[in-house]
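Enquirer: build the 3D model from these lines:
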Amino acid sequence: LGKKSNKRALRYWRNVGLSFSTPKEAKEGNYVDKKCPFTGNVSIRGKILKGMVVSTKMKRTIIIRRNYLHYIKKFGRFEKR
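Expert: Numbers count the residues shown, from 1 in each chain. Below is the predicted model:
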């Protein structure tokens, strides 16, 4: 009959830049996600946010808490938000 080959098919993954390293699951995994920036057809654009993760309940979405100061013109002061 045919030969069994232990070679796995080559997997497509890429380096997205912006000092992100490609995860091991993206290089060696077997999932298929067209909206994954490492294995799919999505580019990362916009801002890089720093903050604390509050919730991961939604699928492929997280809620981030960012602390920043907001200026109030009337009082000439900043408030934490």
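
Enquirer: who's in contact with stretch 60-79?
Expert: K35, L49, K50, G51, M52, V53, V54, S55, T56, K80, R81 (Cβ atoms under 8 Å, 6 or more residues apart in numbering). Placement of C-beta: from N, CA and C, glycine included.

Enquirer: quick check: A9 vs N30, distance?
Expert: 10 Å (Cβ to Cβ, to the nearest Å).

Enquirer: just F75 next, same as before
Expert: 57 Å.

Enquirer: quick one, helices of the protein?
Expert: Taking DSSP state H to define them, one finds helices in the chain at 24-28.

Enquirer: what distance separates the start and the end of stretch 45-55?
Expert: End-to-end span of stretch 45-55 (Cα to Cα, to the nearest Å): 22 Å.

Enquirer: ok, stretch 45-59 next?
Expert: This stretch, stretch 45-59, spans 20 Å end to end (Cα to Cα).

Enquirer: centre of the chain versus it, how much separation?
Expert: Computed by Cα atoms, centre = their mean, to the nearest Å, the separation of stretch 45-59 from the middle of its chain amounts to 8 Å.

Enquirer: repeat for stretch 65-74
Expert: Mean-position distance between stretch 65-74 and its chain equals 27 Å (Cα atoms, centre = their mean).

Enquirer: report the central residue of this protein.
Expert: Nearest residue to the geometric centre of the chain (Cα atoms, centre = their mean): P37, 7.3 Å.

Enquirer: contacting residues around it?
Expert: V16, S43, I44.

Enquirer: report the contact partners of the last one.
Expert: By that I understand I44. Here I44 is in contact with V16, G17, L18, F20, P37 (Cβ under 8 Å, 6+ apart).

Enquirer: quick one: buried ones out of these?
Expert: Neighbour counting with 16 or more other Cβ atoms under 10 Å marks V16, P37 as buried within those.

Enquirer: mind putting the contacts of I44 in CSV, pLDDT and distance to R60 included?
Expert: Listed next are the contacts of I44 as CSV, based on pLDDT from 0 to 100; distance: Cβ to Cβ, whole Å:
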residue, pLDDT, distance to R60
V16, 87, 16
G17, 83, 21
L18, 80, 19
F20, 82, 16
P37, 88, 11
